[in-house]
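> just need the structure, nothing else, for what follows:
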Amino acid sequence: MNTTHTMRLRAAAAALAATVAAAGLIACGDSGESTASASSTTESATSTTTSAASSTELPQGSEPVDLDPDEFTIDIDNPYFPMAPGNTWTYRETDTQGTEEKVVVVVTDRTKMIANGVEARVVRDTVTENGEPVEVTDDWYAQDSVGNIWYLGEKTAEYENGKVSSTAGSFEAGVDGAQAGIAIPANPEPGMSYRQEYLKGEAEDEGAVITVGEEQVEVPFGYFNEDVLMTRDLVPTEPKVQELKFYAPGVGPLLSVHTDGAGGRGELVDFTAGR
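Numbering: from 1, shown residues only. Down below sits the predicted model:
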């Protein structure tokens, strides 16, 4: 998911080992690098077991969903990703090559009528390196009457030398077979699995809830040890890709760690509440 997608979060492989293996909190060191851990993380993050009962009402794979627009709202108040207009998250992304990028995610006042009939909130995700744009994405979200946050598509643009070089990855639920998915479940429980997005060959991300209330996370923005949500993202079209994400109620996404390839890390530097 471009969040993403909400965040293109990459980070150091060494930090990953600490994240998925340590028991108890690993404190922030002299370098200021943030860490997260829990005693059960390694076992649960690698488990493929899914509770069918907890996932029956969440979309899976490519299965179509028929969403009733009357059951959706742009007033998104799920505590694990609150989207009041003006809410702004600033992240630092680093990789093992020494690249550092800044990611700013802003909930806008704008809305978009999605092709499937649902009105969505527009959230802008801007990635820059040395002040120059790398990627700018408008993500579209809406919340159903139960409290699930649905991801309804994105319009994304990658930049090279200040010019748009690619819009690959853009999709809209209801167009060319694209289907909406779940960004955050209403009441996350370990074992829940769900599709995050679906456009065959382009956007097939899947998510699962790994733990709730077992993790401790410290990022530049602060330390969190209550009701932290940990999820795992997978991409069926790229079997080696795996990303662990951590969320705090009332704040939203805190930390993301890639376990694939060279690893990657994105951490919350600042959060400003809107209205």
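
> off-centre distance for stretch 248-258?
From the chain centre to the centre of stretch 248-258 is a distance of 8 Å (CA atoms, centre = their mean, to the nearest Å).

> try stretch 244-257
Stretch 244-257 sits 8 Å away from the centroid of its parent chain (CA atoms, centre = their mean).

> partners of residue 265 in the sheet?
Residue 265 has these beta-bridge partners by DSSP bridges: residue 94, residue 257.

> I figured it hits residue 94, correct?
Yes: applying CB atoms under 8 Å, one finds residue 265 in contact with residue 94, separated by 5.7 Å. Every residue, glycine included, has its C-beta placed from N, CA and C.

> these two: which has the busier surroundings?
The residue with more neighbours, out of residue 265 and residue 94, is residue 265; 27 against 20, by other CB atoms under 10 Å.

> and the more buried one, what's its pLDDT?
Turning to residue 265, the model gives it a pLDDT of 90.

> for it, give its distance to residue 251.
To residue 251, residue 265 is 18 Å away according to CB to CB, to the nearest Å.

> over to residue 242?
Distance, residue 242 to residue 251, by CB to CB: 24 Å.

> cool, and residue 185?
Taking CB to CB as the measure, residue 185 falls 17 Å from residue 251.

> what about these two, which has more around it?
residue 185 (24 against 20).

> right, and that one touches residue 208 too?
No: counting by CB under 8 Å, residue 185 stays clear of residue 208, with 10.1 Å between them.

> now do the shared contacts for the two.
Common contacts of residue 185 and residue 208 (CB atoms under 8 Å, 6 or more residues apart in numbering): 192, 194.

> show me the helices in the stretch 51-200 of the chain, by range?
Taking DSSP state H, counting those that start in this stretch, the helices of the stretch 51-200 of the chain run over residues 52-55.

> pLDDT weak spots in it?
By pLDDT under 70, the low-scoring segments of the stretch 51-200 of the chain are 51-56.

> in it, which spans are strands?
72-73, 88-94, 100-113, 119-129, 132-144, 149-160, 163-166, 171-172, 179-184, 193-195, 197-198 (DSSP state E, counting those that start in this stretch).

> mind giving me the packing neighbours of whatever helix or strand comes next after the last one?
Just to be clear, that refers to strand 197-198. For strand 197-198, the following helix or strand on the C-terminal side (DSSP states H and E) is strand 206-212. Packing contacts for strand 206-212, counted by 3 or more CB pairs under 8 Å, 6 or more residues apart in numbering; DSSP states H and E, involve helix 41-46, strand 193-195, strand 229-234.

> for the second one, which strands pair with it and how are they oriented?
Paired neighbours of strand 193-195 in the sheet (DSSP bridges): strand 206-212 (antiparallel).

> next, the angle strand 149-160 makes with the strand it pairs with.
For strand 206-212 against strand 149-160, the angle by axes from the mean of the first three to the mean of the last three CA atoms, to 10 degrees is 120 degrees.

> so after strand 206-212, what's the next helix or strand?
Defined by DSSP H and E, the subsequent element after strand 206-212 is strand 216-219.

> tell me the mean pLDDT over that next one?
97.

> given that strand, what are its sheet partners and their directions?
Sheet pairing for strand 216-219, using DSSP bridges, gives strand 35-37 (antiparallel), strand 222-224 (antiparallel).

> least reliable of these by average pLDDT, please.
Of all the strands paired with strand 216-219, the minimum mean pLDDT falls on strand 35-37 (a mean of 48).

> apart from its neighbours in sequence, what residue is nearest residue 125?
Spatial nearest neighbour of residue 125, excluding adjacent residues (CB to CB, 6 or more residues apart in numbering): residue 137 at 4.4 Å.
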